[in-house]
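J.: Sequence first, predicted coordinates after that:
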Amino acid sequence: MIEVEVKLPAAELDLIKEKLLKTGFKENAFIEEHDTYFDNEQGDIRANGEALRVRETKDNLTGKSRAQINFKGKKLDAHTMTREELETGVENGAVCRKILQAIGYMPAEPEVIKDRTMLQKESVTACLDDVHGLGRFLELEILADSEEKKDAALGKIEDILNSLGYQISDTVRTSYLSMLQNRKKDRHGTQW
């Protein structure tokens, strides 16, 4: 699958949520996510612009938890977060993290923790994220099952951004992990 995604710094998430609901989006989840990213000793995964992650999710409405492992490939264009994404559920996130460490992968610091409200309209998922230690963001994403459908998906996302008063040029291409690491580096002169 190709995850066509944009990320927008957005302090006014309540206003954005209101606008999305008025255009037909429906709220379908309020969750807390804990993401642990991994790399090998040489740092090859990150250096290649890829990501290996174990995500643990708690549904704040039902209390149920789940875990998954994700691999995200290199970004496919110069303007968005669009990339191949492979993911599958795992029974136990803690055991999955231990397995990755046992075979030589090391966790990156810090862990990314966020409160996420998810809205859905047809194939578009809107994520209203409050990232601990970082701030508030809107992510818009569509899963495209082929390279040919990527451009149409991006066009749909651009239309939604425009309806909210934003453009692709307002979005960022940096992961939450990198933003948190850069914030820590800026504050102390060295990375974690």
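T.: Ah, there it is.
J.: Okay, strands next: where are they in the chain?
T.: Per DSSP state E, the chain carries strands over the ranges 2-9, 26-39, 51-59, 65-75, 83-90, 106-107, 112-121, 124-131, 135-144.
J.: which one of these lies closest to Gly165?
T.: Within those, the stretch nearest Gly165 is strand 2-9; the backing value is 10.6 Å (CB to CB). C-betas here are computed from N, CA, C, even on glycine.
J.: What lies in contact with that closest one?
T.: The contact list for strand 2-9 (CB atoms under 8 Å, 6 or more residues apart in numbering) reads 72, 76, 80-85, 135-147, 149-150, 153-154, 157, 161, 166, 168, 170-174.
J.: follow-up on the earlier one: reformat the strands of the chain into a markdown table and put distance to Leu20, mean pLDDT and mean neighbour count next to each item.
T.: Shown next, in a markdown table, are the strands of the chain (distance: least, CB to CB, whole Å; pLDDT from 0 to 100; neighbours: other CB atoms under 10 Å):
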| stretch | distance to Leu20 | mean pLDDT | mean neighbour count |
| --- | --- | --- | --- |
| strand 2-9 | 12 | 96 | 21 |
| strand 26-39 | 9 | 97 | 17 |
| strand 51-59 | 20 | 98 | 19 |
| strand 65-75 | 25 | 97 | 16 |
| strand 83-90 | 23 | 97 | 14 |
| strand 106-107 | 34 | 97 | 14 |
| strand 112-121 | 5 | 98 | 18 |
| strand 124-131 | 5 | 98 | 20 |
| strand 135-144 | 9 | 97 | 20 |
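J.: Which among those is found nearest to Ile16?
T.: strand 135-144 (5.6 Å).
J.: just to revisit the earlier point, and the strands of the chain as a markdown table, adding distance to Lys98?
T.: As requested, the strands of the chain are exported to a markdown table (distance: least, CB to CB, whole Å):
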| stretch | distance to Lys98 |
| --- | --- |
| strand 2-9 | 27 |
| strand 26-39 | 11 |
| strand 51-59 | 10 |
| strand 65-75 | 12 |
| strand 83-90 | 11 |
| strand 106-107 | 10 |
| strand 112-121 | 19 |
| strand 124-131 | 25 |
| strand 135-144 | 29 |
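J.: State the distance from Leu20 to Glu56.
T.: The gap separating Leu20 from Glu56 is 26 Å, by CB to CB, to the nearest Å.
J.: Over to Thr171?
T.: 27 Å.
J.: Give me the neighbour count for Glu164.
T.: For the record, residue 164 is Leu, not Glu. 20 (other CB atoms under 10 Å).
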